[in-house]
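Peer 1: fold the following.
(one chain, ligands or ions: 3)
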Amino acid sequence: MNIKALDYIYAQNEFNKEMDAIPAIFHPENERVYKPICDVLGIGRVDVVYYDVGCEPVPGTIFVNAGEISGDSFSQREAARSGAYSDYTVFRKQGFSEWDDEDRELISGFIKTVFIHNGRAKVTSMAERLMFFDQDMDIGNLKAFFRKLGEIIAHGRIGEYGACYFNLKRFSIVNRTYGRDNGTKIMRRFVKSLAAKLSDGGVYRIGGDNFAAIFEQGEFDVVKAHLAGTRITAEIPGSPEVNVLANAGFYLCTGEEKTVNDVMDKISSAVVMAKTVSKDNCFIFNDEARQRLDNRKTIESQFASAIEKREFVAFYQPKVDIATGRIIGAEALCRWIRDGKVVPPMAFIPILEQSNAICTLDFYMLDTVCKDIRGWLDKGMSTVKVSVNLSRMHLGDEKLLETVLGIIDKNHVPHELIEIELTETTTDVDFGELRGIVNGLHQNGISASVDDFGIGYSSLTLIKELPWDVLKIDKSFLPDGSINDEQKSIMLRHVVSMAQSLGLQCIIEGVETKDQISLLKDMNCLHAQGFYFDKPLPKAQFEQRITSQYSI
Ligand code: C2E
Ligand code: MG
Ligand code: MG
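Peer 2: Ligands and ions are numbered 1, 2, ... in the order given. Have a look, this model is predicted:
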């Protein structure tokens, strides 16, 4: 035996340890890891042909030692249970004494170990692909994005990088024009050509047409220009290039970021700003956005305890019959009494609407209103119907009707004293769910009203096909001294008469002046709500108002 057995055992041990860390069969690190054991075994080169079921054979060299090889070699086949196998050919190094049978046995053992490691590397890389890769786009996914960010943070180099969240603009038109498959190809070209412009970092798919990118700060202009509009050839005969562009939210890291969420939070807020306030589809996270984000986090973190401490209260805004000046109902509007100050709903509702928290608040408000009504009834006070707002975030909750009825019945409130306000809806999916809830309310004797009618997406189908009781017309229809007042009056008149001919009650919101009241009287619109009568009032004040009469 020419191989020194002890040296072999030692080298084999080291080899095993190091191979565990190598992720692929043909990896640049292989050379270094193979060398000590191949020196001991007198191996000059190892070639392999890798066969997998249903694939072309993959030939390659997994190790070449410095210096010549002798003519001596032998081959060995290793097979896995999956049906995959490898043919290895081992060449003796020039100058190493000829291998005898015992030597060949050791070398054969070494080849078996190589095969086991190669198999494991393949499984690991397959699992890695499944976990971290988006097959359609041929780039990493959200997990891969987090992993890359995490690595950069761990290496203390985050201050050198920037990140970006982008959403492709109007990509549904590209899909419709060129077909989904071609749309996917165009999308892939767009993101891969951006990735090719980055020296480190990369582009990752978050889902659908949402992506994230990490780049070195010096490459900011390149990324920005790419996302502002890049012409991509569609690869379809006769079709022109497509200009692909995105809404993009950027954040240039400062080096203070400790976790991946420190970066993710900022780029997700920035992309919302890019979509809403930016003029060029691009927004770089700044102090204003930081304040918004801090505010959002404060509200989210305080919400649960605010509910528990009953810091949210119902204010009541009277609804008035303009013929008599009498209160015929009220709308319950939420206020947050926070550190002694009254916080208006627009400061927290849009934030709560980004999660399920709004649903908790709405049910809490309904419960509060029911308790107040029960109290008025129990004290023998006169009571009016109160409307409660339900966010559209509830649509999709299969138990919505059940929960609403549960709250009303638990408080023993007659159904005719409650009205539910829902805003208009845009999509067919919402429409189906809206139909379910409005029908259910109707069958249970609870009124349903269309809130803010006229802004957003008015749909006559929505009004006609569901058993609504009330149409609440938005204040933007009221003439207010602006140049298009005449147009507004004409539209208002038509909306009022349409509502009446559909048998709906009609109320106009945001009435502030006597002139507006006169106009409404003239149109035979009977009910109104607005500062002309009262602002939303704290419960105690509303209780005093409930029987009074406004002079019209
Ligand atoms: P909304 O349901 O359309 O409520 C009417 C809003 O118009 C109220 O604003 C009210 O104060 C305001 N308003 C009433 N009269 C006038 C007027 O004469 N002039 C003007 N300029 N405004 C008037 P508020 O209380 O700030 O509420 C804003 C929105 O917040 C509400 O609009 C509603 O969408 C939402 N909101 C309030 N409370 C709740 C709640 O408990 N749940 C849900 N989901 N949303 C709520
Ligand atoms: Mg409302
Ligand atoms: Mg409204």
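
Peer 1: part of a strand, is residue 62?
Peer 2: Yes. If the criterion is DSSP: H, G, I helix; E, B strand; the rest coil, then residue 62 is within a strand.

Peer 1: number of nearby residues for it?
Peer 2: Residues contacting residue 62 under the criterion other CB atoms under 10 Å number 19. Where you see a C-beta, it was placed from the backbone N, CA and C, and this is true even at glycine.

Peer 1: now name the helix or strand holding the residue in the stretch 201-350 of the chain positioned nearest to ligand 3.
Peer 2: The minimum distance from the stretch 201-350 of the chain to ligand 3, using CB to the ion, falls at residue 331 (7.8 Å). Assessed by DSSP states H and E, residue 331 sits inside strand 327-338.

Peer 1: paired strands for that strand, with orientation please.
Peer 2: Strand pairing for strand 327-338, using DSSP bridges, gives strand 312-321 (antiparallel), strand 341-343 (antiparallel), strand 385-389 (parallel).

Peer 1: pull out the buried positions in the helix-or-strand element of the chain with minimal mean pLDDT.
Peer 2: Using mean pLDDT, DSSP states H and E, helix 460-465 stands out as the lowest-scoring helix or strand of the chain, at a mean of 80. With burial defined by 16 or more other CB atoms under 10 Å, the residues of helix 460-465 counted as buried are 462, 463.

Peer 1: using PDB, write down the CA coordinates of that helix.
Peer 2: Coordinates of each C-alpha in helix 460-465 appear next as PDB, following Å, rounded to 0.1, in the frame of the first residue of the first chain:
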ATOM      1  CA  LEU A 460     -76.200  52.600 -10.700                       C
ATOM      2  CA  THR A 461     -76.300  48.800 -10.600                       C
ATOM      3  CA  LEU A 462     -75.200  49.000  -7.000                       C
ATOM      4  CA  ILE A 463     -78.000  51.300  -6.100                       C
ATOM      5  CA  LYS A 464     -80.700  49.600  -8.200                       C
ATOM      6  CA  GLU A 465     -80.000  46.000  -7.300                       C
END
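
Peer 1: my guess is residue 30 contacts residue 62. True?
Peer 2: Yes. Here residue 30 lies in contact with residue 62, judged by CB atoms under 8 Å, at a distance of 5.9 Å.

Peer 1: do you know how far the residue of the stretch 51-200 of the chain found nearest ligand 2 is from residue 274?
Peer 2: Going by CB to the ion, ligand 2 is nearest to residue 167 of the stretch 51-200 of the chain, at 30.4 Å. Residue 167 sits 8 Å away from residue 274, going by CB to CB, to the nearest Å.

Peer 1: cool, residue 523 as well?
Peer 2: Residue 523 sits at a distance of 42 Å from residue 274 (criterion: CB to CB).

Peer 1: so between the two, which is more surrounded?
Peer 2: residue 274 (26 against 18).

Peer 1: isn't there a strand covering that one?
Peer 2: No. Counting by three-state DSSP, residue 274 is not part of a strand but helix.

Peer 1: without its sequence neighbours, what residue ends up closest to it?
Peer 2: Using CB to CB, 6 or more residues apart in numbering and skipping the chain neighbours, the partner closest in space to residue 274 is residue 283 (3.9 Å).

Peer 1: with adjacent residues omitted, what lies nearest to whichever residue of the stretch 1-150 of the chain sits closest to ligand 3?
Peer 2: Residue of the stretch 1-150 of the chain nearest ligand 3, by CB to the ion: residue 142 (37.5 Å). Excluding its sequence neighbours, the residue lying closest to residue 142 (CB to CB, 6+ apart) is residue 206, at 5.0 Å.

Peer 1: now that neighbour: how far from ligand 1?
Peer 2: To ligand 1, residue 206 is 28 Å away according to CB to the nearest ligand atom, to the nearest Å.

Peer 1: ok, residues contacting the helix or strand where that residue lies?
Peer 2: Element membership for residue 206, per DSSP H and E: strand 202-207. Taking contacts as CB atoms under 8 Å, 6 or more residues apart in numbering, the residues outside strand 202-207 that touch it are 134, 136-137, 139-142, 144-145, 148, 165, 191-192, 194-195, 211-214.

Peer 1: from those residues, list the buried ones, please.
Peer 2: Listed as buried from these are 134, 137, 139-142, 144-145, 148, 165, 191, 194-195, 211-214; burial here means 16+ other CB under 10 Å.

Peer 1: out of the residues you listed, which are close to ligand 2?
Peer 2: With CB under 5 Å from the ion as the criterion, the buried ones among the contacts of strand 202-207 include none near ligand 2.

Peer 1: restricted to strands, list the residues you listed.
Peer 2: The strands, defined by DSSP state E, take in 134, 139, 140, 141, 165, 211, 212, 213, 214 from the buried ones among the contacts of strand 202-207.

Peer 1: could you dump those into CSV with pLDDT added?
Peer 2: Output for those, formatted as CSV (pLDDT from 0 to 100):
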residue, pLDDT
134, 93
139, 95
140, 95
141, 95
165, 98
211, 97
212, 97
213, 98
214, 98
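
Peer 1: these: which ones sit near ligand 1?
Peer 2: When these are checked against ligand 1 using CB under 6 Å from any ligand atom, none falls in range.

Peer 1: list just the nearest of these to residue 174.
Peer 2: Set against residue 174, the nearest of those by CB to CB is residue 211 (15.0 Å).

Peer 1: surely the closest one meets residue 171?
Peer 2: No. Applying CB under 8 Å, one finds residue 211 not in contact with residue 171, separated by 11.2 Å.

Peer 1: just to revisit the earlier point, what sits in contact with each of residue 167 and residue 274?
Peer 2: With CB under 8 Å, 6+ apart, residue 167 and residue 274 have common neighbours 247, 248.

Peer 1: which residues of the stretch 351-500 of the chain lie near ligand 2?
Peer 2: Applying CB under 5 Å from the ion, we find that the stretch 351-500 of the chain lies next to ligand 2 at 389, 421, 451.

Peer 1: rerun that using 8 Å as the cut-off
Peer 2: 387, 389, 421, 423, 449, 451, 452, 472 (CB under 8 Å from the ion).

Peer 1: quick one: residues contacting the residue in the stretch 51-200 of the chain that ligand 1 sits nearest to.
Peer 2: Taking CB to the nearest ligand atom as the measure, the stretch 51-200 of the chain has residue 167 as its residue closest to ligand 1, at 26.1 Å. Applying CB under 8 Å, 6+ apart, we find residue 167 in contact with 209, 210, 211, 246, 247, 248, 271, 275.

Peer 1: what bridges to it?
Peer 2: With DSSP bridges as the rule, residue 167 is bridged to residue 210, residue 247.

Peer 1: ok, now residue 508?
Peer 2: Beta-bridge pairing for residue 508 (DSSP bridges): residue 473, residue 528.

Peer 1: can you get me a residue count around it?
Peer 2: Going by other CB under 10 Å, the residues that sit close to residue 508 add up to 28.

Peer 1: same check on the one 4 residues further on?
Peer 2: Residue 512 is flanked by 14 other residues according to other CB under 10 Å.

Peer 1: now the strands for the stretch 151-300 of the chain?
Peer 2: With strands called from DSSP state E, counting those that start in this stretch, the stretch 151-300 of the chain shows them at 161-168, 202-207, 210-216, 230-233, 241-244, 246-252, 282-284.

Peer 1: who's the nearest residue to residue 252 once chain neighbours are set aside bridged to?
Peer 2: Spatial nearest neighbour of residue 252, excluding adjacent residues (CB to CB, 6+ apart): residue 162 at 4.4 Å. Assessed by DSSP bridges, residue 162 has beta-bridge partners residue 215, residue 252.

Peer 1: so residue 410 versus ligand 2, what's the distance?
Peer 2: 23 Å (CB to the ion, to the nearest Å).

Peer 1: buried set for stretch 230-246?
Peer 2: So stretch 230-246, judged by 16+ other CB under 10 Å, has buried residues 230, 232, 234, 242, 244, 245, 246.

Peer 1: quick one: residues contacting the second one.
Peer 2: Looking back up the chat, that one is residue 232. Residue 232 is in contact with 186, 189, 190, 193, 241, 242, 243, 244, counting by CB under 8 Å, 6+ apart.

Peer 1: kind regards, and thank you for your time.
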